[in-house]
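Predicted structure and sequence below. I'll ask about it afterward.
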Amino acid sequence: MSNENYERIPAEKFAFVQEDKKLRDKALETKARGFFADAMLRFSKNKSSVIAAYILLFLILFSIVSPILSPYNVRDTDRRYINFPEFVPAIADMKLGFLDGARTMDSQSDNAMLFWRGIAEETGRDPVIDTLDTHETVVKRRGKEITTYSYDIEVNMYYSIGVVYKTFSYAEYQALQDWQNETGIQAIRPYVNPEDISGIKDNANIWYKVDSKGVAELDENGNFIPAYATDPSKAGAEYNSIRIPGDDGSYVYSTAKSGSVQCRIDYYNYYQYLNGREPTFVFGTNVMGMDLFCGIGIGARFSLLFAVLVSAINLTIGAFYGAAQGYYGGMVDMTLDRISDILSGVPFVVVTTLFQLHLAQKVGVVGSFLFAFVLTGWIGMAALTRRQFYRFKGQEFILAARTLGASDGRLMFKHIFPNAIGSIITSCALVIPGVISSETSMTYLGIVDLSDFAGTTIGTLLSQGNGAATTAPHAMLWPSLFLGLLMISFNLFGNGLRDAFNPTTRGVDD
Amino acid sequence: MFKYALQRTAYMILVLFIITLICFVLIRMLPLPALGPEDPHAQVIEMRREAMGYNEPYLVQFWIFLKNIFTKWDWGLSEKLYIGQDVWQIFLNKLPATMVVNLYSIIWTIPIGIALGVFAALKKNTWIDYTISTLTMVVISVPSFVYAFLVQYIFCFKLRWFPFVMKGGTDWFSWDMFVSMVPAILSLSFGVIAGFTRTTRAELTEVLTSEFMLLARTKGLTKAQATVRHALRNCFVVVVPGIFGEFIGILGGSLIIEGIFAIPGVGGLTLNAINGLDYNIFMLSTVFYTAIGLAAGLVVDISYGFIDPRIRVGSKK
């Protein structure tokens, strides 16, 4: 290209680039990615948070579905199935080693084994699932060596109840017989007079001849000798239903007891009569005889809803409070800060207790509990919003908006607040588990009793389970497991959200 | 610095005073627990109530309450749980158990927590770091009564290493007592360890990437030297106040853990006072817990000033 001198270019050589069409930027060739889409993309790269999100989803679904799936509700309590292990009849029959209502019983003597055999023979359901271990002890007595055996066995707790004494009115007794005739399931067993079994009155499971210590007397073949009552004059009411095999029609099925009928009832079958189904407890029962599967769902449902409600209220209050503090600064900030200092100084237990004592009668237990959470819960959110407002309020775009005549309210909520929304949303995900944790502690300690309102709560279940933590660990295990998983997944999920929304603070825990 | 500390302390006392006033009025507004007609202490308690000004306006009552505390250190008598006994004496009897258990727990957990945090920060972004961080997260999330259950089930029931509940008596530092406290100490420890690990790791990773660390390496220090002399010191600016706060916190203890392991401590007393509606004990616990909370915050704030010269110099202006 040659060097030309462009010093004097005549005006007519200039032409407008575009005279009749508008000048436009080139359209973006890639799709624009918004703030939330960007955050979601970052979030989905964080594996642990994604897994946590799925677990969380599962737990929430569980809390919705389990009370529906469970044949029981939280007010169904059984007086005899107390702290019993996990049991589903169909799975128990398959002998897979789980869901079979099994509890290990140590050092059962030969006599005890006979007792279990008695139950098995009478009810047709063998409570002994498995013999784990046999111990042999040799004792020298009067110069003779006597060998005794003891066994460690697994017992199906639901079968081990066997037969119980039960007193009915005549109408109830007849109704039970009608049900027997209809279904073919026999709940009423032949009666045994205490005098025929060495005067034992407190154990309905003995239907065979025993000595005074309650040890079975066997015949030469090693079989039990039945001791069923046969005297019809002592019968409590007429029996016109199924009879056990081997009954020639002489057995008596009840005895009179002051205007009512006492009989021996096969409890497992009687349970079917009462509830229309066999006992099915996927997570077992607790000390109230409540189905834990349903209880955990109901409790979790309440906890989650309550936590979301509390967080929403606190978030709103905190946002307004923090906005006022951060925006106006100076005296306003200081005054409001002193107020929140005082409120945050009161221990939560004290707040909850005082609210319960003062307000529970007026606004209900849940209402006063909610107030207790709201009284101090918003302080963290206010501090966060305040920080964000201090960060943004001096920036040029605020000055520009102010110059254009925007009001204080508009500046706060149209210009500053949207900039702070990311960190506020994410802190919400971390506030919820905090609320659940405090709520569980308070109900665990019994300071707040929500069972009338919510049925039960995880905290209540845990405190009920704690009493028998060694004999029935499942009653503690399932609620703990649920709560632990819920807290872990909520926190991991919240952390993931925070990292996604504020990439600069990734890995920094405050 | 001294002036700053003084200011903060005065402010703390003011806040404590206001909270006490509010709680006092709220507690006095509650209907008084009825005394049984046969109660042999009824007359004594009735007279005490008269002397405490129960029929006067609330502010007069508060004045009497404060006067009794400042002149005679008299916090009132227990009216339900330990009828007729001095509340302060009951409280003093309960304090050692809480303190000893918490003391044992933080003595061994703080070093472990810090060590794990330092280790994770030094191995940043390796599998060690990920494991420690995730575990920390998990441990912090799980509430303490879940640990208490696990400890009780595994160590006390299955392995039979420790007794289920704390043994009675007042030989706080004997070996038997220590063994019986171990389950409670363990249950308290997980949270503390995880807390310190998290703070230390977060702080140290930030310090390690700062420019003075680069300078330290450039002037010829080895990595170990630079870490010990520069990074750790800077990281402790945040960690050490946390330790002080934790030491104040041992007085408070944990309501839940004390309940589970039958520790005859302040937490159990408070809980019984709440459930038994013994207002004088509850009032003392309220003041106590509030004071502990505020004091912990105060100590943390002030110790920042003592440890970090930047804050110290800054406050002189």
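That came in fine, so what should we check first?

Unless I misread the structure, A:Gly249 falls within a strand.
No. Using DSSP: H, G, I helix; E, B strand; the rest coil, the secondary structure at A:Gly249 is coil, not a strand.

Quick one, grab the pLDDT at the residue nearest to it when sequence neighbours are not counted.
Leaving aside its sequence neighbours, A:Gly249 sits nearest to A:Arg243 (Cβ to Cβ, 6 or more residues apart in numbering or on different chains; 6.9 Å). All C-beta atoms are positioned from the backbone trio N, CA, C, and that covers glycine. pLDDT for A:Arg243: 81.

quick one: secondary structure of A:Arg243?
Taking three-state DSSP, the label given to A:Arg243 is coil.

Can you give me the neighbour number for it?
16 (other Cβ atoms under 10 Å in any protein chain shown).

Next: A:Glu19.
Number of residues near A:Glu19 (other Cβ under 10 Å) recorded here: 6.

Enumerate the residues of the stretch 251-400 of chain A near chain B.
A:341-342, A:345-347, A:349-350, A:353-354, A:357-358 (Cβ under 8 Å from any Cβ of the partner chain).

which ones are touching the residue nearest to A:Gly249?
A:Arg243 makes contact with A:190, A:249, A:251 under the criterion Cβ atoms under 8 Å, 6 or more residues apart in numbering or on different chains.

Closest to chain B out of those residues?
Among the contacts of A:Arg243, A:Pro190 lies closest to chain B (Cβ to the nearest Cβ), at 41.6 Å.

Am I right that the closest one is in contact with A:Gly246?
No. Using Cβ atoms under 8 Å, A:Pro190 makes no contact with A:Gly246, being 9.9 Å away.

higher neighbour count, the two?
Between A:Pro190 and A:Gly246, counted using other Cβ under 10 Å, A:Pro190 has the larger neighbour count: 23 against 9.

Where do the helices of chain B begin and end?
Counting by DSSP state H, chain B has helices at residues B:2-29, B:42-51, B:58-72, B:87-122, B:127-141, B:144-151, B:175-208, B:211-218, B:223-226, B:232-249, B:255-260, B:266-276, B:279-307, B:309-316.

Tell me which of those lies nearest to A:His415.
Between A:His415 and the helices of chain B, the tightest spacing by Cβ to Cβ is seen for helix B:175-208, at 31.1 Å.

okay, the angle between that closest one and helix B:127-141?
Angle of helix B:175-208 versus helix B:127-141, following axes from the mean of the first three to the mean of the last three Cα atoms, to 10 degrees, is 120 degrees.

that older thread, which pair of the residues of the stretch 251-400 of chain A next to chain B spans the longest distance?
Within those, A:Asp341 and A:Leu357 form the most distant pair, 24.6 Å apart (Cβ to Cβ).

Next up, identify which helix or strand A:Ile153 is on.
Per DSSP states H and E, A:Ile153 falls inside strand A:144-156.

Just the mean pLDDT for the longest helix belonging to chain A, thanks.
Using DSSP H to define each element, chain A has its longest helix at helix A:348-393. On average, the pLDDT along helix A:348-393 is 87.

what packs against that helix?
The contact analysis (3 or more Cβ pairs under 8 Å, 6 or more residues apart in numbering or on different chains; DSSP states H and E) places helix A:348-393 against helix A:292-328, helix A:330-345, helix A:417-445, helix A:451-454, helix B:2-29, helix B:266-276, helix B:279-307.

Can you add distance to B:Leu59 and mean pLDDT and give these back as JSON lines?
JSON lines is the format used below for the helices and strands packed on helix A:348-393 (distance: least, Cβ to Cβ, whole Å; pLDDT from 0 to 100):
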{"stretch": "helix A:292-328", "distance to B:Leu59": "29", "mean pLDDT": "90"}
{"stretch": "helix A:330-345", "distance to B:Leu59": "18", "mean pLDDT": "89"}
{"stretch": "helix A:417-445", "distance to B:Leu59": "31", "mean pLDDT": "84"}
{"stretch": "helix A:451-454", "distance to B:Leu59": "37", "mean pLDDT": "82"}
{"stretch": "helix B:2-29", "distance to B:Leu59": "8", "mean pLDDT": "89"}
{"stretch": "helix B:266-276", "distance to B:Leu59": "24", "mean pLDDT": "87"}
{"stretch": "helix B:279-307", "distance to B:Leu59": "16", "mean pLDDT": "87"}
